[in-house]
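1. With the input below, show me the fold.
(2 chains)
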Amino acid sequence: MLKMHNIRKSYRTDTIETHALRDFSLEVNEGEFVSVTGPSGSGKTTFLNIAGLLETPTGGQYLLDGEDVSSLNDNQRSRLRNEKIGFIFQGFNLIPDLNLFDNIDVPLRYRGFNAKERKKRIEKVLEQVGLSARARHLPAQLSGGQQQRVAIARALAGEPRFLLADEPTGNLDSLMARQVMELLEFINEWGTTIVMVTHDPDLARRAHRNIQVVDGQVSDLQRTAAPTAVEIA
Amino acid sequence: MIGYYLSLAIRSLRSTPILSSLMVAAIAVGVGAAMTTLTLNYMMSRNALAEKDAVLYAVQLDSWSATQGVDNPSEMPWQVTYQDAVSLLRSDIPTHQVAMHLWGGPISVEGSEIRPFVAGARVTSRDFFALFGVDFIYGGTWSEEADSSPLQQIVLSEETNEKLFGGENSVGRSLNFNGALFTVVGVTEHWQPSPKVHDLNNGSFNNSAEVFLPFGLHRQFEIYPWGNNNGWKAEEINSYEDRLNSDVVWLQYWVQLDSPEQVEDYRDFLTAHIRGQKAQGRFPRPLKFGLTNPSEWLQLNEVVDGDDRMLSWLSLAFLLVCLVNAVALLLAKFLRKAPEAGVRRALGASRNAVFSQHLVESGCVGLAGGLVGILLTLGGLGLIRQLQMGYMDRVAAMDWTMMIAAIGLAVLSSLLAGLYPAWRISRTNPSVYLKTQ
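-> Okay, here's the model as predicted:
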């Protein structure tokens, strides 16, 4: 499903070059639930952004569902992101001005579905996350856990094959976190591949496989993060 | 997706009413100022004879001095002499032709309670109405004989007929004009070309004539025209006959030539006329005449002068300043919504989609700015009308063309203003906002 080989990502300012990922190689199989852990600044989010086609790697090869995405242009990457990838964020990232229905509608609009198809999908996913009765509510009228369920519904509406979750329970209390985790596990059981970045070792253990990222590289060992910034000036 | 973008734009604008109002105001003020001056220029340069532009020609004859220049772009006198006008009227080439000038005098109806008033008159030949497309409510033009013989026939404008006869059919009725008794032979429909293309010598935007009189009355009434009389040589003029035979130019001359053959024949006729006059010692300069259609005639006469054009450029510069403000406001608004754009990018929106969405929002600002701008323009034109400059009632008015132009200018301006902000927002890195939102 996802295959990264020697991915490198560096950010450059006038005086500093920061290596966020260095020879990062990872393979995630279809249907897997993989958790990614590591200290702050280790490159977890950069990995997630590259995996989600939000950023392009500086070097290396990335195959998504067998397709080399390294050379795709923005339109192609956006289409692929829309069709194959679902995002769940720590901060939910719902659009505050839009009600739940319209929030879930956003990716479906870019997919080009007609109104009938969009409505059918939105109602289906709202039912799946148990928020059908709140379709016309604004995000601010919901609890954190409910908002994250809406975000999950939005990610699922396009029926993606690949779900990327960036600390999806980071802003939730333990009860809500458990509910969200159960929902993700349920989604995974239905065949969706999930890669979840988390700081929580308990949640990480519930995944099929746990990958530790340290200093921008995949590592089995936890160690103190070394500086990743190299002065070049 | 345009419908979707429109709904997002309206939602977005409503969510920030103060900022949205400021952006609309910036566009509206710029458009209002620009459209006020552009409307004045447009109305002033409008060709009221556009329908007959292909067949009407103002006639100029270069009868001027060999040594003195003529201070106008055509380098020929705008008007012709009486003796030339009479000679040209003898031609049977034009479909219609008119010699004319402005005059006036007190007018009254015997036994009427209406007090006498001074009416502006156009002394002209009977073809005037057919040539300029002036329709009649009652009656028609005077007899052919009246163009060469002193027949006291008169045509009234609709407004004058209303004043004197309460709008009734006055054909056959008598009235006093300049102390003489005239018989009404026709009443024209309202006719007020603006600018007054047919006579730009006597105020391009002045009122049209209130009455029309036959060309054959000159000698009987010793008519001295109102308006410009220009001469170039010291002539001894001791009698009215001397004046009619002088080289003073004071008549406007127009012809209607319906075909290229007619134009060619008329050119030959004018050439022959000038050669004939040269043989008699007149027309000292090289042979030259002008046949100019109405639209070129307006340009040649510089109805819209340099100051008016400068004012238009200044107002467009002001619009530019307003646009720069709009760019800054749009940029502030769009960048504030960068996190939402980041979410949309993550959910599958391409850069082009984000760019288009924000450009549509800019267009909506422009549309609203255009509508408010029209109101400001109407207000501005209303203020100008308050200046009581007479013709401003006709010139300081907005027609549908200018209203559509105002909307077009506003939308185009706002799209231009929105280009950079929309581009900026579409190029932001979504991952930055997804983490920090």
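
2. For residue B:395, give me the pLDDT.
-> On pLDDT, residue B:395 comes in at 68.

3. what's the answer for residue B:356, then?
-> Each residue has a pLDDT score; the one for residue B:356 is 93.

4. How about the one 5 residues further on?
-> The model reports residue B:361 with a pLDDT of 92.

5. the bottom helix or strand of chain B by mean pLDDT?
-> Ranked by mean pLDDT, DSSP states H and E, the helix or strand of chain B with the weakest confidence is helix B:392-395, at a mean of 66.

6. Can you show me the strands along the chain?
-> By default, I'm working from chain A. A:2-12, A:16-28, A:33-37, A:59-64, A:67-68, A:85-89, A:162-166, A:193-197, A:209-214, A:217-219, A:229-231 (DSSP state E).

7. Not quite, go with chain B.
-> B:56-61, B:80-81, B:96-108, B:117-124, B:136-139, B:153-156, B:174-177, B:180-188, B:211-214, B:249-256, B:289-292.

8. could you dump those strands to TSV with mean neighbour count, mean pLDDT and distance to residue B:263?
-> To be clear about C-beta, it is placed using only N, CA and C from the backbone, and glycine gets the same treatment. Formatted as TSV, the strands of chain B follow (neighbours: other Cβ atoms under 10 Å in any protein chain shown; pLDDT from 0 to 100; distance: least, Cβ to Cβ, whole Å):
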stretch	mean neighbour count	mean pLDDT	distance to residue B:263
strand B:56-61	24	96	8
strand B:80-81	24	96	18
strand B:96-108	22	94	13
strand B:117-124	21	94	22
strand B:136-139	18	96	29
strand B:153-156	28	96	29
strand B:174-177	18	94	37
strand B:180-188	20	95	28
strand B:211-214	26	96	27
strand B:249-256	24	96	9
strand B:289-292	18	94	7
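
9. Would you mind giving those as TSV with distance to residue A:6 added?
-> Putting the strands of chain B into TSV (distance: least, Cβ to Cβ, whole Å) gives the following:
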stretch	distance to residue A:6
strand B:56-61	82
strand B:80-81	92
strand B:96-108	90
strand B:117-124	93
strand B:136-139	93
strand B:153-156	97
strand B:174-177	104
strand B:180-188	91
strand B:211-214	95
strand B:249-256	86
strand B:289-292	80
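
10. a markdown table for the ones you listed, including distance to chain A?
-> Converted to a markdown table, the strands of chain B look like this (distance: least, Cβ to the nearest Cβ, whole Å):
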| stretch | distance to chain A |
| --- | --- |
| strand B:56-61 | 57 |
| strand B:80-81 | 70 |
| strand B:96-108 | 64 |
| strand B:117-124 | 64 |
| strand B:136-139 | 59 |
| strand B:153-156 | 66 |
| strand B:174-177 | 74 |
| strand B:180-188 | 61 |
| strand B:211-214 | 67 |
| strand B:249-256 | 61 |
| strand B:289-292 | 57 |
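
11. quick one, what contacts residue B:270?
-> Listed by Cβ atoms under 8 Å, 6 or more residues apart in numbering or on different chains, the contact set of residue B:270 reads B:59, B:61, B:88, B:289, B:291.

12. Just give me the longest helix of chain B.
-> In chain B, with assignment by DSSP state H, the single longest helix is helix B:351-385.

13. Contact residues of chain A facing chain B?
-> A:45, A:49, A:52, A:54-55, A:74-75, A:78-79, A:81-83, A:87, A:89-91, A:93-95, A:97-98, A:106-107, A:109-111, A:154, A:158, A:166 (Cβ under 8 Å from any Cβ of the partner chain).

14. on that earlier part again, out of the contacts of residue B:270, which comes closest to residue A:200?
-> Using Cβ to Cβ, residue B:291 comes nearest to residue A:200 of the contacts of residue B:270, at 92.7 Å.

15. Pretty sure that closest one sits against residue B:263.
-> Yes - using Cβ atoms under 8 Å, residue B:291 is in contact with residue B:263, at 7.0 Å.

16. overlap in contacts of these two?
-> With Cβ under 8 Å, 6+ apart as the test, residue B:291 and residue B:263 both reach B:57, B:257.

17. pLDDT score for residue A:232?
-> 29.

18. go on, residue A:215?
-> 86.

19. Kindly report the same for residue B:201.
-> Per the predicted model, pLDDT is 80 at residue B:201.

20. ok, it - contacts?
-> Residues near residue B:201 by Cβ under 8 Å, 6+ apart: B:78-79, B:102, B:227-228, B:252.

21. Spell out, range by range, the helices that occur in chain A.
-> Under DSSP H, chain A gives helices at A:44-51, A:74-84, A:100-111, A:115-128, A:144-157, A:174-189, A:201-205.

22. my guess is residue B:84 contacts residue B:273, does it?
-> Yes - assessed by Cβ under 8 Å, residue B:84 is found in contact with residue B:273 at 7.5 Å.

23. Check the contact lists of these two and give me the overlap.
-> By Cβ under 8 Å, 6+ apart, the residues touching both residue B:84 and residue B:273 are residue B:61.

24. More neighbours: those two, which one.
-> More crowded of residue B:84 and residue B:273, by other Cβ atoms under 10 Å in any protein chain shown: residue B:84, with 24 against 18.

25. and that one, what does it touch?
-> Going by Cβ under 8 Å, 6+ apart, residue B:84 touches B:61, B:63, B:253, B:273, B:277.

26. now do 6 Å
-> residue B:61 (Cβ atoms under 6 Å, 6 or more residues apart in numbering or on different chains).

27. How about the one 3 residues further on?
-> The neighbours of residue B:87, taking Cβ under 6 Å, 6+ apart as the test, come to nothing; the list is empty.

28. per-residue confidence for it?
-> Residue B:87 is given a pLDDT of 95.

29. near chain A, which residues of chain B?
-> Counting by Cβ under 6 Å from any Cβ of the partner chain, chain B comes close to chain A at B:4, B:11, B:15, B:340, B:343, B:346-351, B:430-431, B:434, B:437.

30. now, which of those lie within helices?
-> Using DSSP H, the subset of these located in helices is B:4, B:11, B:15, B:340, B:343, B:346, B:351, B:430-431, B:434.

31. pLDDT below threshold where in chain B?
-> B:388-395, B:435-437 (pLDDT under 70).

32. Of all residues in it, which one is closest to chain A?
-> residue B:348 (2.4 Å; Cβ to the nearest Cβ).

33. Residue B:51 is nearest to which of the strands of chain A?
-> When the strands of chain A are compared by Cβ to Cβ, strand A:85-89 sits nearest residue B:51, at 64.2 Å.
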